[in-house]
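J.: requesting a structural model of the entry that follows:
(chains A and B)
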Amino acid sequence: MINLIYLTVLFPFAGFLINGLVGSKIKNEKIVGMIGSSAVGISFLIVLGALIQTLRLPVENRSNTVELFTWLNTGGLNIKFSYLVDQLSLTMSLIVTGVGFLIHIYSIGYMRGDEGFWRFFAYMNLFIFAMMNLILGDNFVVLFLGWEGVGLCSYLLIGFWYDRKFENGTTAQAAKKAFVVNRIGDFGFLLGMFLIYMTFDSLNFKEVFARAAVSPVSESTFCLIALFLFIGATGKSAQIPLFVWLPDAMAGPTPVSALIHAATMVTAGVYMVSRASIIFALAPAVMTIIAVTGLLTAVMAATVGLVQNDIKKVLAYSTISQLGYMFLAAGVGAFSASIFHLMTHAFFKALLFLGAGSVIHGMHEEQDIRKYGGLRKYLPKTYLTFLIAALAISGVPGLSGFFSKDEILWNVFANGGFVFWLIGVLTAMLTAFYMFRLVSLTFYGKERFPADDRHRPHESSYWMTLPLMVLAFFSVFGGYLGLPKILGGEHGNLLENWLEPIYMPAMNKLEVYGTHTRVEEILLMAASAAAALSAIYFALHIYTRKPDIAVKVSSRFKVLYNILLNKYFVDEIYEAAIVNPVQKGSERFLWKFFDMKIIDGAVNGIAALIDKLSGVIKKVQTGLTQSYALIMMAGIALVLLWLILSI
Amino acid sequence: MTAIPMEYYLILSAFLFSVGVAGVLIRKNAIVVFMCIELMLNSANLTFVTFSSYLGNSIGQIFVFFVMTVAAAEAAVGLAIIIAVFRNKKTVNIDEINIFKW
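T.: Numbers count the residues shown, from 1 in each chain, chains lettered A, B, ... in the order given. This is a model prediction of the structure:
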């Protein structure tokens, strides 16, 4: 199965081609949906087979390269199109194809009746294709191919309903914003790749990392490479300062938000940092930057999430915040903890988004949580699964989010320091609070929608609720792959043991994992659990029983509330500081002056010159046959004269 | 009796040709111009025949047949064009037929 890994990439591509080329001719939506879903499902089975085969191999043989063909061969640069099947890529592939498959199934129900049904599935399959290239590529170029491919699919799917309004603009504008912001990050990533090639003379992962581990290259070079790569990661994974596109990406259909803007694509940055861990380990300054950026992003997004009123916006900021957590983990050297959180987050955040989609569907496209309330009895299945996901993300003991968040937090405590840990716990509290604000406003309390039949909420079909249940199962039990040492014993953390060989070189350089006693670990765990539970209690208390408290608090701290509601005015600041100057500069200088005066001037000037000259010369063409004949005769006479004289 | 020298024929031919050229360049009536062209063709024929006779080579005479054939065809086409032009412009004065210009 390892040698067949390329099929996991080809099947979604085939699905894309079939649905993209002839999908519009297939009248039965179910067939289109099944083609798209089964392509991803088969990929998932192949990945599963490859995983089982890899598990049977001894630890030192678990990293296999599957070479397909030579892609580029120009002078010194030789890029092979080959896939790397190892612990990290298998883990990521399982998440992407597994969660992706469930979301495809869900979409059959969610997108029912949409006129772009076939287009949707074609794009989704194209996304899986690009994402698998990103994950499986064994060099930076193939990774970059996937990296750009997922960016394109993200653009296509955000603007899927291109004729709809979104906030103050259109979905097309939101899509454009996502694409442009991502391009800024990609530029950093490209610079990082150039620098890697200059320094190590290769772009192949194994070669680069092996050379990096023993090379005498100075730390500043490593810092520069790591910084550029991290800029790429901030773009794709929505970290400060490039996070602004993700909230706007909610313009796309909800399954897209679940798959691309929560579970898989946005984790590409985390994956890339994890993959290049050795480079980051050799750049300690950048590691600090990553940790601080992750922490700031986590806090910033969590506070904004507290006051948002659009159900998808809350989840979008929650995603940014959780991604911040992953970068915080990577920044303190806990790469496997970041991948662990990536995995559990993929489960519960996909579930949250799909649940939100089910609610939006049931509420007839209403997204404002102020107009929900008491939906528990109308949408029982959605409610139950959504609640499980909310408990998981809040870090309630026993659920997946608790284990991954706990692992990150104690790594932060051990290697980052007490302040980082405290802010991390605070963010976890905020997370629990805004999640249960969302749950309360949506599912509990008074019904705040019109009571007539037209607005009556309805539960979604099985196409949609079954994936919710499967994801709910993993949201609960996914965490048991990474039990903390205190519960699972020295080898209880299966995921960490599994991923350990990947991070070996980086760990040897980092020398982290400060000592911590069992008592400390129990205390930390108890503290974060208590924080989460109390936050949940407060949120339920305020938003279900005493809604006026929330109103009072928001009117008391009006300034702060407005700042949060407007997302720290980051969009406005970017607008004023970057977008407007660029636009004005483009308009006044590049367009009005350079294009219109210089470029057009040159073109029109040449045309005018030719026009003037030809105005003189054209008089020769009299239209009189005899004048032509005369000139001809004169010519012949001259030639004859010349011939006679030259004899 | 002595044969007429070749130069006489050639001078006559050159004279006829010059008359044709002058006619083409000077006359305004399209039909006259057309006739002058025929004159030029026939002067060329005379030259061919002259050389053929004096050099004892029949190729020149064969050429003349070709020229005559072409001239006949050309006369048919040319007159047809002149008639078509006349129907449109109500004139055969070539100074007034000058629509092919800037």
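
J.: C-alpha from now on. contacts and neighbour counts both.
T.: OK.

J.: listing request: residues of the chain with sub-threshold pLDDT.
T.: Answering for chain A, as no chain was given. The model of chain A has pLDDT under 70 over residues A:488-490, A:511-516.

J.: was after chain B, sorry
T.: Along chain B, the model assigns pLDDT under 70 to residues B:1-2, B:102.

J.: if we use 50, what do you get?
T.: Scanning chain B for pLDDT under 50 picks out B:1.

J.: around chain A, which positions in it sit nearby?
T.: Residues of chain B found near chain A (C-alpha under 8 Å from any C-alpha of the partner chain) are B:24-26, B:94-95, B:97-102.

J.: alongside chain B, which residues does chain A contribute?
T.: Counting by C-alpha under 8 Å from any C-alpha, chain A sits next to chain B at A:618-619, A:621-627, A:629-630.

J.: and those as JSON lines, adding neighbour count, secondary structure and distance to A:Y434?
T.: Below are those laid out as JSON lines (neighbours: other C-alpha atoms under 10 Å in any protein chain shown; DSSP: H, G, I helix; E, B strand; the rest coil; distance: C-alpha to C-alpha, whole Å):
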{"residue": "A:K618", "neighbour count": "11", "secondary structure": "helix", "distance to A:Y434": "80"}
{"residue": "A:K619", "neighbour count": "11", "secondary structure": "helix", "distance to A:Y434": "83"}
{"residue": "A:Q621", "neighbour count": "14", "secondary structure": "coil", "distance to A:Y434": "84"}
{"residue": "A:T622", "neighbour count": "15", "secondary structure": "coil", "distance to A:Y434": "87"}
{"residue": "A:G623", "neighbour count": "18", "secondary structure": "coil", "distance to A:Y434": "87"}
{"residue": "A:L624", "neighbour count": "16", "secondary structure": "coil", "distance to A:Y434": "91"}
{"residue": "A:T625", "neighbour count": "16", "secondary structure": "helix", "distance to A:Y434": "92"}
{"residue": "A:Q626", "neighbour count": "18", "secondary structure": "helix", "distance to A:Y434": "95"}
{"residue": "A:S627", "neighbour count": "16", "secondary structure": "helix", "distance to A:Y434": "93"}
{"residue": "A:A629", "neighbour count": "14", "secondary structure": "helix", "distance to A:Y434": "95"}
{"residue": "A:L630", "neighbour count": "16", "secondary structure": "helix", "distance to A:Y434": "96"}
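
J.: chain B: which of these is nearest?
T.: Nearest to chain B among the residues of chain A next to chain B: A:G623, at 4.4 Å, using C-alpha to the nearest C-alpha.

J.: list the residues that contact that closest one.
T.: Taking C-alpha atoms under 8 Å, 6 or more residues apart in numbering or on different chains, we find A:G623 in contact with B:97-102.

J.: quick one, what contacts A:W245?
T.: Counting by C-alpha under 8 Å, 6+ apart, the residues that A:W245 touches are A:174, A:177-178, A:181, A:238.

J.: please disregard the earlier target; I meant A:V425.
T.: A:409, A:528, A:531.

J.: hang on, the earlier thing: and the residues of chain B next to chain A, which are buried?
T.: B:24-25, B:94-95, B:97 (16 or more other C-alpha atoms under 10 Å in any protein chain shown).

J.: these into a markdown table, with extra columns for secondary structure?
T.: Formatted as a markdown table, these follow (DSSP: H, G, I helix; E, B strand; the rest coil):
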| residue | secondary structure |
| --- | --- |
| B:V24 | helix |
| B:L25 | helix |
| B:I94 | coil |
| B:D95 | coil |
| B:I97 | coil |
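
J.: mind putting the residues you listed in TSV, distance to A:A346 included?
T.: Shown next, in TSV, are those (distance: C-alpha to C-alpha, whole Å):
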residue	distance to A:A346
B:V24	94
B:L25	94
B:I94	89
B:D95	89
B:I97	85
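
J.: can you show me the strands along the stretch 151-300 of chain A?
T.: A:165-166, A:169-170 (DSSP state E, counting those that start in this stretch).

J.: gap between the longest helix along chain B and the chain center?
T.: Longest among the helix segments of chain B by residue count, using DSSP state H, is helix B:59-89. Helix B:59-89 sits 10 Å away from the centroid of its parent chain (C-alpha atoms, centre = their mean, to the nearest Å).

J.: name the residues of that helix that are buried.
T.: Buried-residue list, helix B:59-89, by 16+ other C-alpha under 10 Å: B:60-61, B:64, B:67, B:71, B:75, B:78, B:82-83.

J.: now, the contacts of A:V425 that are in helices?
T.: A:409, A:528, A:531.

J.: which one of the residues you listed has the most neighbours?
T.: In terms of neighbour count, A:L409 stands highest of those at 29 neighbours, by other C-alpha atoms under 10 Å in any protein chain shown.
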